[in-house]
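**Q** structure of the sequence below:
(2 chains)
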Amino acid sequence: MGNELLVAAAKRGDDAAFYSLITQHKEKMYRIAYSYLKNEADALEAVQEATCRAYMQIRKLKEPEFFGSWLIRILMNYCADEAKRKARRADGQQAAAAAIDPHATSGESALLERVMLESAVEQLDANYQKVIQLKYYHDLTITEIARTLQKPEGTIKTWLHKALGGLRQRLGKEGEPNG
Amino acid sequence: MDEYRDEQARELPELEAMKDYMEDIPIPSGIDATIWSGIKAGRQRRRRRVFSRMAAYTACLLLVVSVASVRFSPEVAAYVGEIPGLKPLVELIHYDKGLELAIDNDFMQPVALSEVRDGIKMTIDGIIADESRIIVFYTLENVDGQKSIVNLQKVELPNNKDISISHGFSAYNDDWKSIQGTIDFYPNDAGEFPDTLNLKLGINKVTETATKNTEWNFSIPVDKTKFEGMRENYVINQTVTVEGQQITFGKMTVHPTRIELEVTYDAANTKKLFYFDDLRLEDEKGETFGTISNGVTGSNISENSQILYFQSNYFRKPEHLYLRASSIRALGKDKLEVKVDLDRKQLLARPDSLLTIKDVSASDEEGQNWIVFGLENEDPLDKARAYSLFNMSYKDASGQSFNSDRTGSSGDEYRFYIPKGKYQSPLTLFIQDYPTRIHGDIDIKIK
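**A** Purely as a prediction, here's the structure:
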């Protein structure tokens, strides 16, 4: 409830209200940005740019109760563009990183597993990637994801299912006996 | 929780572990400052929509967000040590050597007016004043200790409409104790300051339960005798030629708070001169005072002339004074137009091969398209510089004019946003700053 008042105040140009709204989501924003961009400086820049864009557009926000989903959407759009841009720039290095042999890991190190997983997630289609990240990295519910990506919940469930299938395949878990 | 779980996830324990990993990522302490920078950038970009047509040369208010590396000269440090409460105020102006000197020379007029309203004590600590500028120093204290986010949202001089006002405000914490800041006033044209500044200040305070606007009114005495006659005029009237481009330095006026210098560019120049990289005033000891980088940096008189502002060395009382520069950003007047073929994503005209087009894209959430330019620039002078390459107004092939509401840059990429619409390709954009330079030794003896 309080948030709707804050959104109303922010729409009137009340910067302090806007600031306290952003503050409520700052940790989630930072972590989402970090999972896309992988370093502190870029993640902070993403938080700043998303804050700036949200500030400029808040008057157009129609559903104040979903401020958080709206904000995360702005952030993710920026991060996706930025990640693409970085990848374009570092084409060579990317290829080297992707060449880690999945069988060399033997599942020993948690770090290596994580790197493998993240790189598999990054090879998924953009939408699949988003649902996986929001759901498993950032612990959003299906309803929240649907609101953030502006799609029906059914679509999100389908995407999630396909994304998980794709991940299993990429991580070489296809055909293993069910455990 | 009966939240939906997909079957397929069961065999991916590493996926389930990601959440804990993410939660362990530490949040940097600078994030609150980052958010405020975002808000400020948003405010500026929004304002740009309104004021883009006013085409002021540069009224860039770089807000001091970091408190990094505050250094005082020994004199200032000693002076500050004697007056309790002044030290934090001096930190507010550490970016301007001239203002530090002014304080060092006892030029601050103490005011010490304060009043408590709604749990906030507002104090006007003092002013630094001369004919060209007044800087008001204020302190806010959270006397009832209530958690709140405050913002200085109103600064007005109801009786003096001919004075411009410029200020920034930084507040990061909801458990703040005290906040200090400055407000700048400049008389328009040949205007004069009154003997008393009737200043109205409004603070917006948001607590968990309420948003409140509170106003203060202060009558601040301005002791004009303190700066009477403190102005030095120099008529330079010298024309220099740098790579064939003529620049005339006209009048220079030295005030304690800043130095004004008139510069005129010959209308017949083949190049448009954008900015001086290293224009500075140097005294006989080699001490230099540069242009003002934080605050109002210059103002336009006409198409070919402007006033530049320098940090003031008034209190140094230099015996000799030289105006020096060696590098100016400039571009041929016939190269100022950039023509963009929107459909084929090509540049039909551009200043040189450093500027390329990378993409024309649509942004889904803002009703905006953008053009992405690349700018290859290895010049060490530009290491930390993000260029404002283009004027905000542009044209399409039918000759109709439009205004962009924002531009953005990161690294070597520059974005120019254009509102969605039907354009007749190609578009024409106009360069207003570019990393091509002319070089020469400007060395003028002023006294």
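
**Q** list the contacts of the residue most central in space within chain A.
**A** Central residue of chain A (C-alpha atoms, centre = their mean): residue A:32, 4.7 Å from the mean position. Neighbouring residues of residue A:32 by C-beta atoms under 8 Å, 6 or more residues apart in numbering or on different chains: A:72, A:75-76, A:79, A:133-134, A:137-138. Placement of C-beta: from N, CA and C, glycine included.

**Q** chain B: which of those residues is nearest?
**A** Set against chain B, the nearest of the contacts of residue A:32 by C-beta to the nearest C-beta is residue A:137 (4.8 Å).

**Q** pretty sure the residue nearest to the centre of chain A is in a helix, no?
**A** Yes. Membership of residue A:32 in a helix is supported by DSSP: H, G, I helix; E, B strand; the rest coil.

**Q** and it, how far from residue A:73?
**A** 11 Å (C-beta to C-beta, to the nearest Å).

**Q** for residue B:45, which non-adjacent residue is closest in space?
**A** Nearest non-adjacent residue to residue B:45, counting by C-beta to C-beta, 6 or more residues apart in numbering or on different chains: residue B:406, 4.5 Å away.

**Q** same check, this time on residue B:387
**A** Once flanking residues are discounted, residue B:387 sits nearest to residue B:433: 5.2 Å by C-beta to C-beta, 6+ apart.

**Q** quick one: contacts for the residue nearest to residue B:421 when sequence neighbours are not counted?
**A** In space, and not counting its chain neighbours, residue B:421 is closest to residue B:402: 7.6 Å by C-beta to C-beta, 6+ apart. With contacts defined as C-beta under 8 Å, 6+ apart, residue B:402 is in contact with B:393-396, B:418-419, B:421, B:423.

**Q** which among these gets closest to chain A?
**A** Using C-beta to the nearest C-beta, the contacts of residue B:402 come closest to chain A at residue B:419, 13.2 Å.

**Q** helix or strand: which one has residue A:148?
**A** In this assignment (DSSP states H and E), residue A:148 forms part of helix A:142-149.

**Q** quick one: is that helix near chain B?
**A** Yes. Applying C-beta under 8 Å from any C-beta of the partner chain, one finds helix A:142-149 touching chain B at residue A:142.

**Q** which stretches of the stretch 301-447 of chain B form strands?
**A** Here the stretch 301-447 of chain B has its strands, by DSSP state E, counting those that start in this stretch, at B:305-310, B:321-332, B:337-341, B:346-349, B:355-363, B:368-375, B:393-395, B:401-403, B:407-410, B:413-419, B:427-430, B:437-445.

**Q** quick one, the fifth one and strand B:368-375 angle?
**A** Angular relation of strand B:355-363 and strand B:368-375 on a 0 to 180 degree scale: 160 degrees, by axes from the mean of the first three to the mean of the last three C-alpha atoms, to 10 degrees.

**Q** any idea of the angle strand B:355-363 forms with strand B:413-419?
**A** Counting by the same axes, to 10 degrees, strand B:355-363 lies at 50 degrees to strand B:413-419.

**Q** just the buried positions in strand B:355-363, please.
**A** For strand B:355-363, a neighbour-count test (16 or more other C-beta atoms under 10 Å in any protein chain shown) marks B:355, B:357-358, B:360, B:363 as buried.

**Q** dump the residue contacts of residue 14.
**A** Looking at chain A here, since you left the chain open. B:151, B:153, B:204, B:206, B:211.

**Q** if you could check chain B rather than the one you did, that'd help
**A** Taking C-beta under 8 Å, 6+ apart, one finds A:110, A:113-114, A:116-117 in contact with residue B:14.

**Q** can you lay out those as a markdown table showing neighbour count?
**A** A markdown table is the format used below for the contacts of residue B:14 (neighbours: other C-beta atoms under 10 Å in any protein chain shown):
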| residue | neighbour count |
| --- | --- |
| A:110 | 11 |
| A:113 | 16 |
| A:114 | 15 |
| A:116 | 21 |
| A:117 | 21 |
